[in-house]
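Participant: Any chance you could fold what I've pasted below:
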Amino acid sequence: TVAGIGLILAIIFVPAGSLCWPQAWVFLSLYLAAVVVFFVWTKKKDPGLLKERMLPQKNVKAWDRRILRIYSFLLVAMIVLTGVDAVRFRWSHVAFGLNLVGFAGLVLAMLLVFWATRENTFASSVVRIQADRGHRVCSTGPYAYVRHPMYVGVILSIICFPLALGSLFA
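Facilitator: The predicted structure follows:
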């Protein structure tokens, strides 16, 4: 956990070249709060979901692993570009109102992802039929409106993250 937090801090602040980035500290506070709430809730209410999301899975298709690697690389690249643009070189300027819109979108994305995981005990971090857990299709909560609500939340967060932190290029 400590190494993970250190890595996140490095990916955000080293490219920025400064710790003086209020938007990044607000984002990190929101992110940490979301992770803590998710961990505490799942540990108490759905430990099977917590185990599913925390442990590496063995029966994952090779294409899913490749997609996850590409996504992770692009996410890190976006975060690095955000710091380089918003703080180090200030290539673009995002108005304060758009920062607020970005943060509102991030909060909505986090709430949507939490709602989806609360509703679907099989919400794995990879594509995997969980026969060992009695996997079945979820059609309640956000799944009543869209087949993959967590993807919607991720897409919303990818759009809103650079706005919240002040980068149009990212």
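Participant: what's downstream of the helix or strand bottoming out on mean pLDDT in the chain, the next helix or strand?
Facilitator: Lowest mean confidence among the helices and strands of the chain (mean pLDDT, DSSP states H and E): helix 47-54, at a mean of 83. Going down the chain from helix 47-54, the next helix or strand is helix 62-83, by DSSP states H and E.
Participant: Pull the residues that contact whichever helix or strand comes after that next one.
Facilitator: Beyond helix 62-83 on the C-terminal side, the first helix or strand identified by DSSP H and E is helix 96-119. When contacts are defined by CB atoms under 8 Å, 6 or more residues apart in numbering, helix 96-119 is touched by residues 23, 26-27, 30, 34, 37-38, 41-42, 45-46, 49, 53, 94, 123, 138, 140-143, 149-150, 152-154, 156-157, 159-166. Using the backbone N, CA and C atoms, a C-beta is placed for each residue, glycine as well.
Participant: what is the mean pLDDT for helix 96-119?
Facilitator: For helix 96-119, mean pLDDT is 96.
Participant: Likewise for stretch 71-82?
Facilitator: For stretch 71-82, the mean confidence score works out to 96.
Participant: element containing the residue nearest the centre of the chain, please.
Facilitator: Taking CA atoms, centre = their mean, the centroid of the chain lies closest to residue 154, which sits 6.1 Å from it. Per DSSP H and E, residue 154 falls inside helix 149-165.
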